[in-house]
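**Q** One predicted model, sequence on top.
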Amino acid sequence: MSAYNAARRVAEQGYVPEQPVRAPLIRTDDQRDLERHLHSALDGKSRRVVGAVGNEWFLTGPAEVLALARVTRWVDER
């Protein structure tokens, strides 16, 4: 989640050892709840990258993120 474009958000995180993959744009009016849900779901699958700069890095991909988001009431499929 970011108020900025993806490139700026990644740059704010500092050094990144791998090339980040950007997930599809997900429209919602409940971005904080959706982000909490995604982080919790990915943590439950032990997908958080330990030792990364910042705490927002997960070993996942666009398809998994979109699938996790779609099962919530917060996603606007317009």
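**A** Arrived safely.
**Q** burial count for residue 56?
**A** 16 (other Cβ atoms under 10 Å). Every residue, glycine included, has its C-beta placed from N, CA and C.
**Q** Now it. Its backbone dihedrals?
**A** Note on residue 56: backbone dihedrals following degrees, to the nearest 10 are phi -110, psi 20.
**Q** any low-confidence regions in the chain?
**A** 1-2, 4, 6, 10, 13-23, 76-78 (pLDDT under 70).
**Q** The longest helix along the chain packs against which elements?
**A** For the chain, the helix reaching the highest residue count under DSSP state H is reported as helix 31-44. If you count contacts as 3 or more Cβ pairs under 8 Å, 6 or more residues apart in numbering; DSSP states H and E, helix 31-44 packs onto helix 62-70.
**Q** Please compute how far the helix it packs on lies from its chain's middle.
**A** Relative to its parent chain, helix 62-70 has a centroid offset of 10 Å by Cα atoms, centre = their mean, to the nearest Å.
**Q** With stretch 55-75 instead?
**A** Mean-position distance between stretch 55-75 and its chain equals 6 Å (Cα atoms, centre = their mean).
**Q** can you give me the end-to-end distance of it?
**A** 23 Å (Cα to Cα, to the nearest Å).
**Q** what's around residue 36, how many residues?
**A** Residue 36: 13 neighbours (other Cβ under 10 Å).
**Q** residues near residue 7, how many?
**A** Using other Cβ under 10 Å, residue 7 has 10 neighbouring residues.
**Q** Tell me the secondary structure at it.
**A** Under DSSP: H, G, I helix; E, B strand; the rest coil, residue 7 falls in the helix class.
**Q** ok now stretch 62-78, how far from the chain's centre?
**A** Here stretch 62-78 shows a centroid-to-chain-centroid distance of 11 Å under the convention Cα atoms, centre = their mean.
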